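J.: Fold the following, please.
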Amino acid sequence: MNNSIINDKGVQRLYPLRDAEDPRKVTLIPISQELYCELYPPIWRTQKQMQRLGRCVCPRSKLWACDADCPICQYRTDGDLISLDTPAGTAEDLTVGDTLMDDAPSPESITIDRAMLELLYQELDELDPEGRCICGLLMDHSEREAAAALNMARSTFKRQWERTKTRLRERLKDLVD
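T.: Prediction:
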C-alpha cells in the first residue's frame with residue numbers, strides 16, 4: 001500500500017466514487033489524508049443541511065457512500081418542498097406564493113405605532129423634558145454613551161431613566177390596558 005493514503009493513526013482514507021453507468025453503484029477508492037481533509041467537510045455540511053431540510057433519508061449504514069451529489073442520490077426526497085407556483089385551492093389564478101403571509105408590518109399598524117409614539121413624546125414633554133432627551137439618546141446610544149452626552153454619572157442617568165419610565169408607565173397605564 002502507498003503510505004500517502006494511510007494517515008498517522010494507520011487508517012486508510014477512502015472516497016466513494018459513483019459508477020458513470022449506474023449512479024447507485026459506488027466504489028471506494030483510497031485517497032490521501034490531505035485530500036480527505038479537503039473533500040469531506042463540504043460533503044458533511046451538505047449531508048447535514050439536506051437532513052435538516054428533510055431532503056435526505058439516507059440510512060446511517062449507507063452514509064459511507066455519500067459524495068454530496070444529491071440530485072442523483074437514491075435517498076434524496078423532496079420532503080415538504082413545494083413550488084410557489086403551485087395552484088392554491090379552487091381559485092383559478094391563486095398560487096401558493098400568493099397565500100404566504102407577509103411579515104412586513106401593515107400600513108395600519110405603522111400608523112398606530114407612529115400615533116402611539118407621538119403620544120408618548122407628548123406625555124414625555126409634559127412630564128419630563130429631560131426624560132425625552134434620555135429616550136432620544138437611548139435610541140442610538142448605550143446608557144454609558146447617553147450619560148456621557150448629558151454630562152452626568154451613569155448611576156445618575158440610570159436613576160433618572162428608571163424614574164422617567166415609572167412616571168410614564170403610571171401616566172399611560174389606562175391607555176395601554
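
J.: C-terminal to the least confident helix or strand in the chain by mean pLDDT, what's the next element?
T.: Every helix and strand of the chain was ranked by mean pLDDT, DSSP states H and E. The lowest is helix 96-99, at a mean of 66. Using DSSP states H and E, the helix or strand that follows helix 96-99 towards the C-terminus is helix 107-127.

J.: Report all helices and strands that the next helix or strand after that next one contacts.
T.: As assigned by DSSP H and E, the chain's next helix or strand after helix 107-127 is helix 129-140. The contact analysis (3 or more CB pairs under 8 Å, 6 or more residues apart in numbering; DSSP states H and E) places helix 129-140 against helix 107-127, helix 143-149, helix 154-176. Using the backbone N, CA and C atoms, a C-beta is placed for each residue, glycine as well.

J.: out of these, nearest to P41?
T.: helix 143-149 (41.6 Å; CB to CB).

J.: quick check: mean pLDDT across that closest one?
T.: In this model, helix 143-149 carries a mean pLDDT of 90.

J.: Output the contacting helices and strands for that helix.
T.: helix 129-140, helix 154-176.

J.: Out of those helices, indicate the one that is most buried.
T.: helix 129-140 (a mean of 15; mean count of other CB atoms under 10 Å).

J.: and the angle from that one to helix 107-127?
T.: For helix 129-140 against helix 107-127, the angle by axes from the mean of the first three to the mean of the last three CA atoms, to 10 degrees is 140 degrees.

J.: This protein - how does it break down into domains?
T.: Per automatic domain parsing, the domain ranges recorded for the chain read 3-84, 107-176.

J.: Considering the ones you listed, which stretch scores lowest in mean pLDDT?
T.: domain 3-84 (a mean of 78).

J.: would JSON lines of the helices and strands packed on helix 129-140 with distance to T95 be doable?
T.: Output for the helices and strands packed on helix 129-140, formatted as JSON lines (distance: least, CB to CB, whole Å):
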{"stretch": "helix 107-127", "distance to T95": "24"}
{"stretch": "helix 143-149", "distance to T95": "49"}
{"stretch": "helix 154-176", "distance to T95": "40"}
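
J.: closest to I31 out of the ones you listed?
T.: helix 143-149 (55.0 Å).

J.: Need the phi and psi values for Q12.
T.: Phi and psi for Q12, reported as degrees, to the nearest 10, are phi -90, psi 130.

J.: Could you report the distance from it to Y36?
T.: 10 Å (CB to CB, to the nearest Å).

J.: the more surrounded of these two?
T.: Using other CB atoms under 10 Å, the more surrounded residue of Q12 and Y36 is Y36, with 18 against 14.

J.: neighbouring contacts of stretch 142-155?
T.: E130, C133, I134, L137, L138, H141, T156, F157, K158, Q160, W161 (CB atoms under 8 Å, 6 or more residues apart in numbering).
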